[in-house]
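Asks: sequence plus predicted model, see below.
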Amino acid sequence: MEKVPFKIRQRIIVAFLFSLMSVFIFAALSFQTHLEIGHRLKLLEFTHDVLYNLLEMRRYEKNFFLYRQFASLKEAMDYALMVEELYLKHKDEILKLKKDSTVSEFPVVIGKYRQTLIELMNVSEKGSSVEDKGNVAVLEESLRSYGQKLLNMAEGWEKEERSRIDELFKRTIHLFIGSIGIFLALGVVVAFYVAKILVEPLFLMKKTMDKIASGDFAPLPEAGPYPEEFEALFQAFNRMVRELEIRQEQLAQSKKMAAVGTLTAGIAHELNNPINNIVLTAETLREEFHSLSPKEALGLIDDIISQADRASEIVKGLLDFSRAEYPQFEPLSISSVVRATLKLVRNQISLAGIQVEEDFPPNIPLVYGDKKSLQQVFLNLIINAIQAMPGGGELILRASVSENGEWIKVDVTDTGVGIDSRDLPYIFDPFYTTKQVGRGTGLGLAVSYGIIEKHGGRIEVKSEKGKGSTFTVVLPAYKETEINQGRQEE
């Protein structure tokens with residue numbers, strides 16, 4: 001067998017390291033972008049401060065031009081010095097982030113502006129000769145030119161920085177979207193990779209287990225392109241399957257013997273009552289034959305025939321467990337079905353000292369089903385209720401309709417011994433019974449459940465130990481249009 005080069009653990013480690021490396025790459029790119037955004041924001045703050053001081057400088061410059069106040073020139077000088085100080089303080093950062101010519105030109109222009117401002121202050125202090133007036137005009141024009149140039153530079157810087165920050169934010173968004181896309185693609189690749197090395201062999205095990213559940217104990221192929229861990233797992237699984245097959249054969253044999261014993265005891269018990277009745281009635285007929293009138297003799301003969309028919313029905317019912325008959329479905333009154341079933345066990349109910357309460361509201365919708373099958377279901381439920389009340393009690397039969405009118409419910413309630421909560425999940429399993437040997441085969445509820453399922457319904461149960469039980473048969477209400485449509489489709 002060709003060995004797989006890597007174990008599962010090694011493959012997962014490789015996939016994890018690759019994912020971790022991808023995370024680090026995107027984290028580094030994101031950190032770099034955010035770092036640059038931080039620098040640009042600081043530079044934007046600087047340009048804002050420069051622009052603010054330049055505007056103040058030019059405001060005092062204009063005040064001097066308008067009102068000829070010497071103090072305005074001094075204020076303008078103070079703001080010019082602050083602008084130059086700001087530039088020198090952030091010079092290295094500015095030169096690092098900005099590569100255009102205005103960066104190196106700015107200190108020259110601010111220097112010329114200050115020099116012009118000094119000359120203008122000197123001329124203004126000397127006097128107002130014709131020659132000085134001409135120099136003042138030239139100096140004022142130069143001052144305006146330098147001031148406007150400085151303002152244009154600062155405004156350009158601010159606009160440029162805002163644009164750069166917008167670009168960085170867009171880059172961050174693109175990086176975020178790109179990382180999501182790459183991680184999704186990476187997730188798909190990793191998922192496919194994990195599925196390839198893990199899910200396929202596990203799915204093969206599931207298919208094999210499904211076959212085992214259906215009785216096929218074929219082992220798993222131990223040789224194949226699977227990781228090393230699965231080879232050992234398949235070998236252990238196959239050993240378990242072989243042991244399970246041996247145990248299953250032993251268990252099947254023991255269940256077969258137990259079922260034969262239970263069925264034998266159940267059949268003997270079921271047939272005991274009608275046979276005893278036949279024997280007693282026949283003995284009575286023989287002993288009192290000459291003293292009986294023809295009518296009384298015929299009555300005894302009818303009783304014998306009735307009990308023989310009952311025994312025949314019991315045998316037929318037991319045989320029905322091993323063969324299926326085609327049911328005859330028709331619209332039925334569920335109340336009539338339950339009442340007809342109740343007549344079959346009236347004698348047993350009376351002998352057991354059980355009181356029967358019937359609650360069948362008028363105008364209950366019909367159900368669509370097989371009468372004999374439904375009678376078998378209710379007969380099983382009623383007999384179970386009788387056996388659950390050995391000291392007498394109350395049997396309540398109640399029919400109702402669901403709120404939407406689509407379901408018919410029949411409750412069979414007894415005040416008997418109830419069912420233990422540990423037994424409730426298994427009461428519909430074949431051959432499962434809580435009764436004593438000879439009291440039942442464990443088939444009644446299982447068969448009843450199957451019958452109701454074939455009718456499109458279900459059986460529900462509520463019970464508490466020592467407080468009785470309620471079995472609810474739920475059947476769909478009869479709708480002629482749906483039945484006719486189903487027949488046409490058939």
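Replies: Here it is on my side, so go on.
Asks: show me the shaky parts of the stretch 301-450 of the chain.
Replies: Counting by pLDDT under 70, the stretch 301-450 of the chain shows low-confidence ranges at 313-327, 347, 429-444.
Asks: try 50
Replies: Low-confidence segments of the stretch 301-450 of the chain (pLDDT under 50): 320-324, 431-432, 436-443.
Asks: over to the stretch 1-150 of the chain?
Replies: For the stretch 1-150 of the chain, the stretches with pLDDT under 50 are 1-5, 129-130.
Asks: what segments of it are strands?
Replies: Shown for the stretch 1-150 of the chain, no strands are assigned by DSSP state E, counting those that start in this stretch.
Asks: all helices for it, in order.
Replies: 8-67, 70-89, 91-97, 101-126, 130-194 (DSSP state H, counting those that start in this stretch).
Asks: contacting residues for the most centrally placed residue in the chain?
Replies: Geometric centre of the chain, nearest residue: Ala191, 19.6 Å, by C-alpha atoms, centre = their mean. Going by C-beta atoms under 8 Å, 6 or more residues apart in numbering, Ala191 touches no other residue. For every residue, glycine as well, the C-beta is placed using N, CA and C.
Asks: hmm, back to that, redo the helices of the stretch 1-150 of the chain as a markdown table? Include distance to Phe289.
Replies: What follows is the helices of the stretch 1-150 of the chain, written out as a markdown table (distance: least, C-beta to C-beta, whole Å):
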| stretch | distance to Phe289 |
| --- | --- |
| helix 8-67 | 89 |
| helix 70-89 | 138 |
| helix 91-97 | 130 |
| helix 101-126 | 138 |
| helix 130-194 | 89 |
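Asks: closest to Ala236 out of the ones you listed?
Replies: helix 8-67 (16.0 Å; C-beta to C-beta).
Asks: who are the packing partners of that closest one?
Replies: Taking 3 or more C-beta pairs under 8 Å, 6 or more residues apart in numbering; DSSP states H and E as contact, the helices and strands that helix 8-67 lies on are helix 70-89, helix 91-97, helix 130-194.
Asks: just say which of these is most tucked in.
Replies: Across these, the average number of neighbours (mean count of other C-beta atoms under 10 Å) peaks for helix 70-89, which reaches a mean of 17.
Asks: pull the CA atoms of that helix into PDB?
Replies: Output in PDB follows, covering the C-alpha atoms of helix 70-89 (Å, rounded to 0.1, in the frame of the first residue of the first chain):
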ATOM      1  CA  PHE A  70       2.900 100.500  12.800                       C
ATOM      2  CA  ALA A  71       1.800  98.000  15.400                       C
ATOM      3  CA  SER A  72       0.100  95.900  12.700                       C
ATOM      4  CA  LEU A  73       3.500  95.300  11.100                       C
ATOM      5  CA  LYS A  74       4.900  94.000  14.400                       C
ATOM      6  CA  GLU A  75       1.900  91.600  14.800                       C
ATOM      7  CA  ALA A  76       2.500  90.400  11.300                       C
ATOM      8  CA  MET A  77       6.200  89.800  12.100                       C
ATOM      9  CA  ASP A  78       5.200  87.800  15.200                       C
ATOM     10  CA  TYR A  79       3.000  85.500  13.100                       C
ATOM     11  CA  ALA A  80       5.600  85.100  10.500                       C
ATOM     12  CA  LEU A  81       8.100  84.000  13.100                       C
ATOM     13  CA  MET A  82       5.600  81.500  14.400                       C
ATOM     14  CA  VAL A  83       5.100  80.100  10.900                       C
ATOM     15  CA  GLU A  84       8.900  79.800  10.400                       C
ATOM     16  CA  GLU A  85       9.200  78.100  13.800                       C
ATOM     17  CA  LEU A  86       6.500  75.600  13.000                       C
ATOM     18  CA  TYR A  87       8.200  74.800   9.700                       C
ATOM     19  CA  LEU A  88      11.600  74.300  11.400                       C
ATOM     20  CA  LYS A  89      10.000  72.100  14.100                       C
END
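Asks: who are the packing partners of that helix?
Replies: For helix 70-89, the elements it packs on are helix 8-67, helix 101-126, judged by 3+ C-beta pairs under 8 Å, 6+ apart.
Asks: okay, angle between that helix and helix 8-67 too, please.
Replies: Interaxial angle, helix 70-89 versus helix 8-67 (axes from the mean of the first three to the mean of the last three C-alpha atoms, to 10 degrees): 160 degrees.
Asks: which residues sit against helix 70-89?
Replies: Residues from elsewhere that reach helix 70-89 (C-beta under 8 Å, 6+ apart): 46, 49-50, 53-54, 56-58, 60-61, 63-64, 94, 106-107, 110-111, 113-114, 117-118, 120-121, 124-125, 150.
Asks: over to stretch 353-363?
Replies: Outside stretch 353-363, the residues that touch it by C-beta under 8 Å, 6+ apart are 335, 338-339, 342, 349, 386, 389, 391-400.
Asks: repeat for stretch 291-309
Replies: Contacts of stretch 291-309 (C-beta under 8 Å, 6+ apart): 274-275, 277-278, 281-282, 284-285, 289.
Asks: any idea how far His39 is from the residue nearest to Val417 when sequence neighbours are not counted?
Replies: Distance criterion C-beta to C-beta, 6 or more residues apart in numbering; nearest residue to Val417, sequence neighbours excluded, is Ala388 at 5.4 Å. Separation of Ala388 from His39 (C-beta to C-beta, to the nearest Å): 86 Å.
Asks: who has more neighbours, the two?
Replies: Ala388 (20 against 14; other C-beta atoms under 10 Å).
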